[in-house]
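Visitor: Here is a sequence with its predicted model. Questions after.
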Amino acid sequence: MKAWVEGFVDWYNAEHRHSGIKYVTPNQRHYGQADAICAIRQQTYEEARQKHSQRWSRHIRDWSLPRVVSINHPRPQQPVAA
């Protein structure tokens, strides 16, 4: 079981691309590689739109990274009636 968990954690952090952090891995985000990856994606999308503008009816995807990332956002506190 321990080997499975270690393998899963390695995969989750090093291979799995997360939608909440613009489809980069947690390791890429943690080690500062995500900015360059997303900048290349942004440039690719902009160039594709210039070459084939008819394929887009609206704006292109925003590849800027979120500043704050959390797994479970805290719920707003409800006031307690006295």
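Guide: Nice, I can see it. Numbering: from 1, shown residues only.
Visitor: Run a quick neighbour tally on E47.
Guide: Residues lying near E47 (other CB atoms under 10 Å) number 10. Backbone N, C-alpha and C define where each C-beta goes, glycine included.
Visitor: Could you export the one helix or strand it maps to as CSV, CA atoms only?
Guide: For E47, the host element (DSSP states H and E) is helix 34-51. Taking C-alpha atoms only, helix 34-51 is exported to CSV below (Å, rounded to 0.1, in the frame of the first residue of the first chain):
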residue,chain,number,x,y,z
ALA,A,34,4.6,27.4,-15.0
ASP,A,35,5.0,31.1,-15.9
ALA,A,36,7.2,30.2,-19.0
ILE,A,37,4.9,27.3,-20.0
CYS,A,38,1.8,29.5,-19.8
ALA,A,39,3.6,32.4,-21.7
ILE,A,40,4.3,30.0,-24.6
ARG,A,41,0.7,28.8,-24.6
GLN,A,42,-0.6,32.4,-24.6
GLN,A,43,1.7,33.2,-27.6
THR,A,44,0.7,30.1,-29.4
TYR,A,45,-3.0,30.9,-29.0
GLU,A,46,-2.5,34.5,-30.1
GLU,A,47,-0.6,33.4,-33.2
ALA,A,48,-3.2,30.8,-34.1
ARG,A,49,-6.0,33.4,-33.8
GLN,A,50,-4.1,35.8,-36.1
LYS,A,51,-3.7,33.1,-38.7
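Visitor: who's in contact with that helix?
Guide: For helix 34-51, the external contacting residues (CB atoms under 8 Å, 6 or more residues apart in numbering) are I21, K22, V24, Q28, R55, W56, I60, R61, W63, S64, L65.
Visitor: Hmm, R29 and the first one touching each other?
Guide: I take that to be I21. Yes - the pair I21 / R29 is scored as a contact, 5.2 Å apart, by CB atoms under 8 Å.
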